[in-house]
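S.K.: mind looking at a prediction? Sequence and model below.
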Amino acid sequence: MSAAATASVHGASAPPCAAGSTPLALARAGLDSCVHCGFCLQACPTYLALEDENDSPRGRLVLMRAVVEGRIAIDDPDVATHLSRCLGCRGCESACPSGVPYGHLLEAAREQLAAVRPLPLAARAILWVFARQAALRVALWFARMARDTGIAAELARLPGAAGFPFAMLASTARPAAPAWTPRAAPTRGTVATLDGCVMEGLFTEVNRATERVLAHNGYSVCAAPGQQCCGALHVHAGDADTARNMARTNIAAFEASGATFVAANSAGCGAMMKEYGQLLAADPHWRDRARAFSARVRDASELLAAAGPREGAPLPLRITCDAPCHLEHAQKLSAPPLQVLDAIPELQHTPLEDREQCCGSAGIFNLIEPDVSERVLAAKMRCIAATDAPVVATGNPGCLMQIGAGLVRDGRGAVARHPVELLDASYAQQDR
């Protein structure tokens, strides 16, 4: 670490705040709560992969503090390097005894950094597309065509980072789900489901399965026309203004639905929507609406766990279960996905070592930091291989694609599936 960073760790007196109205300065209270104990180190996948203190939560917080105190410029190349390498998995938050809100601090730092140091061209292009529904529909149509014609599977054989995106795309292929009819009376309230970008575009069957299993467990499912991308990719990249605009659009759309709950089957999207209250806290016209909206958001597994869920027919499969970071660490939900799987008789669950560690997906991280992402995924794949399970259950599209790509490339024939998909298959067997 630099001399400035070392001085900060050892408690040397700090100069006054250099910029009182920057995003990081406004988040100073959370920054000051770090006592540099180091409990976060073993919870950080980039520290474990790179073995560099600057690529640990503690090291990045030191850099953020130095920026706030004016000892390092926000556009210093080292600041950009180490902040960009962070997955934003928030595993450090679960390990932290001091309650440091690391995820929000990282978002503030990246927002401040983006104002003076533009994102890489590839990242800007991806974010541009996700912010424009017409462009996104076209991009996802071409992605489906590449998948369904087998082009993606062929190009997945390309070595290294060249083939990995195609392996991700190939892993989204799904057999047609068997038709069945939910039978429960709608007694648990109305649920409007988030369609999502990648979920509706590439995991359409998972969205339909989510609607069916919610209905089968007593929820009345309704649509929320006018919704769009949740904004998670943008806020994590530092484009908070675009994310706020997306949040306002979604709040208005789901308010109009009149639903009791808003359900997300994507861990990252659910975590983002649960934090709309904080994202729009400085907007006097939207903050109360944002807080009310966030209080209604549930992960689909939360709603199913609250309902039981109803037991399905036997499904004799061996699985292992990976914990999406934004479900485990951001939303603090460990039990509900397992309760969903427990409703399936004869499902054999082999525990996954380090299930709470990130797989290396992290939104668009795997596309803009492929080397670091590959190192993080390698550790996850070793743990998955040790279970010898033919199915990996995980509840986030990024994780499904990242782990799915790893499974495509290792050639064992194993697949990644959403827990709701498995419950839906169990109910379909019951309906025969």
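M.R.: Ah, there it is. It should be emphasised that the depicted structure is a prediction, and the values quoted were computed from it without experimental measurement.

S.K.: domain map for this structure?
M.R.: Residue ranges of the domains in the chain are recorded as 3-114, 310-430, according to automatic domain parsing.

S.K.: columns mean pLDDT and distance to residue 280 on top of those, output as CSV?
M.R.: In short, each C-beta sits where N, CA and C put it, glycine included. Putting those into CSV (pLDDT from 0 to 100; distance: least, C-beta to C-beta, whole Å) gives the following:
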stretch, mean pLDDT, distance to residue 280
domain 3-114, 85, 13
domain 310-430, 95, 18
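
S.K.: show me where the chain has strands.
M.R.: With strands called from DSSP state E, the chain shows them at 190-193, 220-222, 261-264, 297-299, 318-321, 348-349, 391-393, 415-417.

S.K.: pick out the residue nearest the middle of this protein.
M.R.: For the chain, the residue nearest the mean C-alpha position is residue 268 (2.9 Å; C-alpha atoms, centre = their mean).

S.K.: wait, it touches residue 398, no?
M.R.: Yes - using C-beta atoms under 8 Å, residue 268 is in contact with residue 398, at 6.3 Å.

S.K.: anything in contact with each of the two?
M.R.: By C-beta atoms under 8 Å, 6 or more residues apart in numbering, residue 268 and residue 398 have these common neighbours: 324, 363.

S.K.: ok, back up a step: out of the strands of the chain, the one nearest residue 148 is which?
M.R.: Distances from residue 148 to each of the strands of the chain were compared by C-beta to C-beta, and the smallest falls on strand 415-417, at 16.8 Å.

S.K.: what pairs with that closest one, parallel or antiparallel?
M.R.: strand 391-393 (parallel) (DSSP bridges).

S.K.: show me the contacts for residue 129.
M.R.: Neighbour list for residue 129: 135, 136, 139 [criterion: C-beta under 8 Å, 6+ apart].

S.K.: if I look at the second one, how far off is residue 31?
M.R.: Remark: distance between residue 136 and residue 31 (C-beta to C-beta, to the nearest Å) = 35 Å.

S.K.: the two: who's more crowded?
M.R.: residue 31 (22 against 19; other C-beta atoms under 10 Å).

S.K.: one step back: select, out of the strands of the chain, the one closest to residue 251.
M.R.: strand 261-264 (9.7 Å).

S.K.: format the CA atom coordinates belonging to the closest one as PDB.
M.R.: Below are the C-alpha coordinates for strand 261-264, written out as PDB (Å, rounded to 0.1, in the frame of the first residue of the first chain):
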ATOM      1  CA  PHE A 261     -46.200  -7.000  -4.100                       C
ATOM      2  CA  VAL A 262     -43.600  -6.600  -6.800                       C
ATOM      3  CA  ALA A 263     -41.800  -9.900  -7.500                       C
ATOM      4  CA  ALA A 264     -38.300 -10.300  -9.100                       C
END
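
S.K.: what's the closest non-adjacent residue to residue 192?
M.R.: With sequence-adjacent residues excluded and distances taken as C-beta to C-beta, 6 or more residues apart in numbering, residue 192 is closest to residue 259, at 3.7 Å.

S.K.: got phi/psi on that neighbour?
M.R.: For residue 259, the backbone dihedrals (degrees, to the nearest 10) come out as phi -70, psi 150.

S.K.: can you give me the helices for the stretch 101-250 of the chain?
M.R.: 102-114, 121-130, 133-148, 151-155, 160-170, 198-202, 204-216, 232-237, 240-257 (DSSP state H, counting those that start in this stretch).
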